[in-house]
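What would the 3D arrangement of this be:
(one chain, ligands or ions: 1)
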Amino acid sequence: MEYTRTRFWSRTLTHWKHQIPGQLQPSRYFSTKRPKTVLEDIKGMTVEPIRESDYLKTLKLQFTQNGRKRYRDVARVHASIMVVLYNRTRKVIVLVRQFRPAVFVCGAIPSTADNSIESLNSIDWSKVPLETGITLEIPGGIIDENMTAAEAIKQEVLEECGYDVPLSSFENIGEFRTSTGVSGDAQTMFYAECTDDMKVSEGGGKPTNGEFVEVVEMSVPDVRKFINQKVVNANCALLIGMQWFMYFKAGKI
Ligand SMILES: Nc1ncnc2c1ncn2[C@@H]1O[C@H](COP(=O)(O)OP(=O)(O)O[C@H]2O[C@H](CO)[C@@H](O)[C@H](O)[C@H]2O)[C@@H](O)[C@H]1O
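All right, here's what the predicted structure looks like:
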């Protein structure tokens with residue numbers, strides 16, 4: 001299918017119908033409206049223990065510290081990359097909305113709840129509003145071991161947002177840990193600018209991987225309002241990235 005710019009932008013004309021819990025009237029904060037996709041088509045949620053996983057290994061680390069025996073339960077997960085992507089033509093930050101099962105479960109029941117498999121499977125998940133699990137994120141993903149971090153983020157931007165941004169445009173702005181208590185995995189954050197001319201596809205993720213994302217845009221004044229909210233259904237990386245952008249870039253673009 002040949003993509004034209006008219007087609008991309010005309011999809012943004014449908015109305016944003018959903019309010020994301022923990023965000024103040026998101027429609028006020030977006031310069032484009034939410035396109036209709038299949039994010040909401042989620043059915044038949046069940047829960048079972050992990051026996052084997054390509055994405056998560058749990059370990060019990062035991063050691064002695066200052067003569068005292070200690071242990072720590074640790075989760076090993078993949079390192080990841082993400083990017084604050086600014087579209088110079090449209091003067092917006094490019095973001096993705098997606099259904100995150102982990103956020104859905106944590107948003108639906110408190111972490112102190114009975115987390116037994118029986119108890120979790122007795123919940124009627126269809127009654128939990130799906131918006132509970134829909135997050136706003138800066139584009140990103142896990143690092144494919146055959147790629148550099150910059151190559152990996154370039155590919156994520158293409159797959160998720162449909163922009164073919166030159167590799168040299170990705171500026172590494174820092175690495176940090178997503179969690180220090182449980183997983184300790186590294187995230188590398190990039191900054192890149194794109195233009196409408198770099199838009200080569202609609203984006204949306206890789207449906208063959210079961211990945212469905214919606215591309216949304218936020219104007220710079222709206223970024224300021226967004227990061228000033230008390231609660232957001234977003235990850236720390238989005239907030240760190242936006243704060244970095246407001247501090248180092250917003251006054252210069
Ligand atoms: N836990 C899991 N269980 C089953 N399948 C999984 C999985 N994680 C990834 N996958 C599979 O791998 C594919 C690619 O994943 P991504 O590279 O998009 O990582 P994701 O953004 O989900 O999380 C990564 O990148 C984001 C940044 O975008 C980080 O915040 C986050 O910590 C990091 O895991 C997914 O579509 C899915 O098929």
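
From now on I want contacts and neighbour counts done on CA atoms only, so please keep to that.
Will do.

Tell me where the stretch 101-250 of the chain has helices.
Taking DSSP state H, counting those that start in this stretch, the helices of the stretch 101-250 of the chain run over residues 101-108, 117-121, 149-161, 220-227, 236-248.

counting contacts, what elements does the first one pack onto?
Contact analysis of helix 101-108 by 3 or more CA pairs under 8 Å, 6 or more residues apart in numbering; DSSP states H and E lists strand 134-137 as its packing neighbours.

How about the strand it packs on and the ligand, any contact?
No: judged by CA under 6 Å from any ligand atom, strand 134-137 stays clear of the ligand, getting no closer than 7.1 Å.

Same question for stretch 223-235.
No: among the residues of stretch 223-235, none lie within reach of the ligand under CA under 6 Å from any ligand atom; the closest is 6.9 Å away.

Quick check: end-to-end length of that stretch?
Separation of the first and last residues of stretch 223-235 by CA to CA, to the nearest Å is 15 Å.

try stretch 192-206
Per CA to CA, stretch 192-206 runs 21 Å from first to last residue.

repeat for stretch 163-175
End-to-end distance for stretch 163-175: 23 Å, by CA to CA.

Buried residues, that stretch. List them.
Buried positions in stretch 163-175, judged by neighbour count with 16 or more other CA atoms under 10 Å: 163-165, 170, 172.

Run through the residues of the protein sitting next to the ligand.
So the chain meets the ligand at 55, 80, 82, 139-142, 209-211 (CA under 6 Å from any ligand atom).

among those residues, which are in strands?
Members of the residues of the chain next to the ligand lying in strands (criterion: DSSP state E): 80, 82, 140-142.

Spit out the contact partners of Ala192.
Contacts here follow CA atoms under 8 Å, 6 or more residues apart in numbering; on that basis Ala192 touches 83-86, 169-171.

Buried deepest among the helices of the stretch 101-250 of the chain, which one?
Among these, ranked by average contacts under mean count of other CA atoms under 10 Å, first place goes to helix 149-161 (a mean of 23).

circling back to that earlier point, out of the buried residues of stretch 163-175, which comes closest to Ile50?
Comparing the buried residues of stretch 163-175 against Ile50 with CA to CA picks out Asn172 as the nearest, at 34.4 Å.

if we can go back for a sec, would TSV of the ones in strands among the residues of the chain next to the ligand with neighbour count be doable?
As requested, those are exported to TSV (neighbours: other CA atoms under 10 Å):
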residue	neighbour count
Ser80	21
Met82	28
Gly140	26
Gly141	19
Ile142	17
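
circling back: same list (the helices of the stretch 101-250 of the chain) but as a markdown table, adding mean pLDDT and distance to Leu95.
As requested, those are arranged in a markdown table below (pLDDT from 0 to 100; distance: least, CA to CA, whole Å):
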| stretch | mean pLDDT | distance to Leu95 |
| --- | --- | --- |
| helix 101-108 | 93 | 18 |
| helix 117-121 | 93 | 32 |
| helix 149-161 | 96 | 8 |
| helix 220-227 | 94 | 11 |
| helix 236-248 | 96 | 9 |
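
Those: which one's closest to Pro129?
helix 101-108 (8.5 Å).

Where does pLDDT dip in the chain?
By pLDDT under 70, the weakly predicted segments of the chain are 1-38.

the strands in it, which residues?
For the chain, applying DSSP E gives strands covering 57-65, 68-76, 80-87, 92-99, 134-137, 140-142, 171-177, 186-194, 213-219.

TSV for the ones you listed, including distance to Ile227?
TSV is the format used below for the strands of the chain (distance: least, CA to CA, whole Å):
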stretch	distance to Ile227
strand 57-65	33
strand 68-76	29
strand 80-87	14
strand 92-99	13
strand 134-137	12
strand 140-142	19
strand 171-177	19
strand 186-194	18
strand 213-219	12
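
out of these, deepest packed?
Most buried of these, by mean neighbour count (mean count of other CA under 10 Å): strand 80-87, with a mean of 25.

and it, which strands flank it?
Partner strands and pairing direction for strand 80-87 (DSSP bridges) are strand 92-99 (antiparallel), strand 140-142 (antiparallel), strand 186-194 (parallel).
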